[in-house]
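> Give me coordinates for this.
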Amino acid sequence: MEVILKEHVDHLGRRGEVVKVADGYARNYLLPRKLALAVTANNKRQIELERARAEARDAEERRDAEAVRARIEAVEVVLARRVGEHDALYGSVTSSDIAEALAARDLVVDRRRIQLDEPIKALGEFVVPVKLTRDVSADIKVKVVAADAPAPAADTTPAAE
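Presented below is the predicted three-dimensional model:
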């Protein structure tokens, strides 16, 4: 019997594929659990429509993600943190801190999409990857500076006259 898979089934196939299975397997397992549909012209047409909708939705998500990616990669996030001796941070910089800094610049990114392996615990510049969609990712430039760093010295030399 030929069936159209509605879900991914291990050792059988992926969603939308037409596979040939034993009649008993289809009747007793796949069809009652709504994992598959019997192959009919109407069901094939319906699956094709769902696939077309999914592809259109994926294309739109990719376009949106590419736009966000361009905006993210144009931004450098500067985070000021208190430091102790030897430039050791009190605390750390986490993905939540980076997400808040991006939100302040009207770039809303879920903190779980920011792929920070471990919190940043040092001063410096870091490149942090962000997974926007399954196949679109961006790199955020994060600069951690000392909060109590002295302001740049003003030019105090007398003007040449």
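> Now tell me which helix or strand of this structure has the poorest mean pLDDT.
None of the helices or strands of the chain scores lower by mean pLDDT, DSSP states H and E than strand 88-93, at a mean of 87.
> Next, the angle from whichever helix or strand comes after that strand to strand 88-93.
Counting by DSSP states H and E, the next helix or strand C-terminal to strand 88-93 is helix 95-104. Between the axes of helix 95-104 and strand 88-93, defined by axes from the mean of the first three to the mean of the last three Cα atoms, to 10 degrees, the angle is 70 degrees.
> tell me what helix 95-104 is packed against?
strand 76-81, strand 137-146 (3 or more Cβ pairs under 8 Å, 6 or more residues apart in numbering; DSSP states H and E). Glycine gets a C-beta too; all of them are placed from N, C-alpha and C.
> So which of the ones you listed is nearest Ala122?
Evaluated over those, closeness to Ala122 peaks at strand 137-146, with 7.1 Å, by Cβ to Cβ.
> Could you list the paired strands of the closest one along with their orientation?
Paired with strand 137-146 in the same sheet, following DSSP bridges, are strand 76-81 (parallel), strand 124-131 (antiparallel).
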